[in-house]
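Enquirer: give the three-dimensional model of this entry:
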Amino acid sequence: MPLLSRIHEANRKLNDRFFPRSEPRYVDRFKQLAAELSRDGQLVLHLGSGSNDLGSFPHLDSKRLQALNLDISHTDLRKNPGRLKIAADAQALPLGASSVDLICSEHVFEHFPRPQRVLEECSRVLKEGGYLLVSGPNGWSYVALLARLTPLRFHAWFHRLGDGSTDNKCVLWPTFYRFSTPVTIRRMGQTTGFEVASLQTFVGEPCYTMYLPFLHLAFIAYHKLLEKLNPIFNFHMTSVVVLRKQ
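Expert: Numbering: from 1, shown residues only. Have a look, this model is predicted:
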């Protein structure tokens, strides 16, 4: 086994030890909320779906939903196994007013340069009382702060290192983090016709130091500290937010 793979495997075991899988993770909470907020026969929009089919989420595949996967990338949508797919810009959704029951968006809003415009479109297409479910990184986390200080080509290289790819055509989207803190989420949601029904924050295990044998231990200690301080300070890693159209 190559050296980097051995380091990664050792750090993965450390993560499993200090952050047991029994503890709640943001991705599990996101999927749980998607199931709780949806009903049979509803139209659910997966905003910025990429190649992931919303209908295949646990507890959603058994519901008789109309899951519409929407993304601006034709390439990613071609890989999406979903039945209903549409390529479009989130700033101009090709859907009628009050036509959608639920919108789900995973780690997409941080890539929007004008998130308020996207929120306005989400508010327009949602029915009264409909929900917008969003997960994304905290704009004040160290990951977001480092992302602001490094060029996009570095992120592409790091991504290839993480998945073992040698494809130099790896495409990543720029990040802006303009809808990524509890304060901005509440303020921008209110100005676009939403109320925050719930806002949960998560820390979880460190993922960006998996190939660093000793520094990773320091980041494990830092993440454990963040978990204890999370109720007081907003340096968590990820937020899961439910916004309800008023």
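Enquirer: can we go C-alpha only for contacts and neighbour counts from here?
Expert: Fine.
Enquirer: just give me the residue closest to the centre of this protein.
Expert: residue 107 (2.3 Å; CA atoms, centre = their mean).
Enquirer: skipping adjacent residues, who's closest to that residue in space?
Expert: Of all residues not flanking residue 107 in the chain, residue 136 sits nearest, at 4.3 Å (CA to CA, 6 or more residues apart in numbering).
Enquirer: ok, the one you found to residue 126 distance?
Expert: Distance check for residue 136 against residue 126: by CA to CA, to the nearest Å, it reads 20 Å.
Enquirer: same question, residue 88
Expert: From residue 88 across to residue 126, the span is 17 Å (CA to CA).
Enquirer: what's the answer for residue 89, then?
Expert: As it turns out, when the distance is counted by CA to CA, residue 89 lies 16 Å from residue 126.
Enquirer: more neighbours: those two, which one.
Expert: For the pair residue 89 and residue 126, the greater number of neighbours falls to residue 126 (25 against 15), based on other CA atoms under 10 Å.
Enquirer: now stretch 222-238: how far from the chain's centre is it?
Expert: Averaging C-alpha positions (CA atoms, centre = their mean, to the nearest Å) puts stretch 222-238 18 Å from its chain's average.
Enquirer: quick one: contacts of it?
Expert: Judged by CA atoms under 8 Å, 6 or more residues apart in numbering, the contacts made with stretch 222-238 from elsewhere in the structure are 26, 135-138, 140-143, 201-206.
Enquirer: min pLDDT across those, which one?
Expert: Least confident by pLDDT among the contacts of stretch 222-238: that is residue 143, with 89.
Enquirer: now the phi/psi pair for the residue nearest to that one when sequence neighbours are not counted, please.
Expert: In space, and not counting its chain neighbours, residue 143 is closest to residue 237: 7.7 Å by CA to CA, 6+ apart. Dihedral pair for residue 237: phi -90, psi -40, per degrees, to the nearest 10.
Enquirer: what's residue 77 in contact with, if anything?
Expert: 49, 50, 51, 69, 70, 71, 85, 86, 87.
Enquirer: look up how far residue 103 lies from the fifth one.
Expert: In this view, residue 70 and residue 103 are 10 Å apart by CA to CA.
Enquirer: for the protein, give me the ranges with low pLDDT.
Expert: Scanning the chain with the threshold set as pLDDT under 70 gives 1, 58-59, 61-63, 152, 154-171.
Enquirer: which stretches of it form helices?
Expert: For the chain, applying DSSP state H gives helices covering 3-18, 26-37, 74-79, 115-125, 142-149, 152-163, 182-191, 215-229.
Enquirer: which of those sits most buried?
Expert: helix 115-125 (a mean of 21; mean count of other CA atoms under 10 Å).
Enquirer: who does the longest strand along the chain pair up with?
Expert: Determined from DSSP state E, the single longest strand within the chain is strand 126-137. Taking DSSP bridges as the criterion, strand 126-137 sits next to strand 100-106 (parallel), strand 238-245 (antiparallel) in its sheet.
Enquirer: what sits up against it?
Expert: Taking CA under 8 Å, 6+ apart as the criterion, the residues outside strand 126-137 that touch it are 26, 30, 33-34, 37, 97-110, 122, 144, 180, 237-246.
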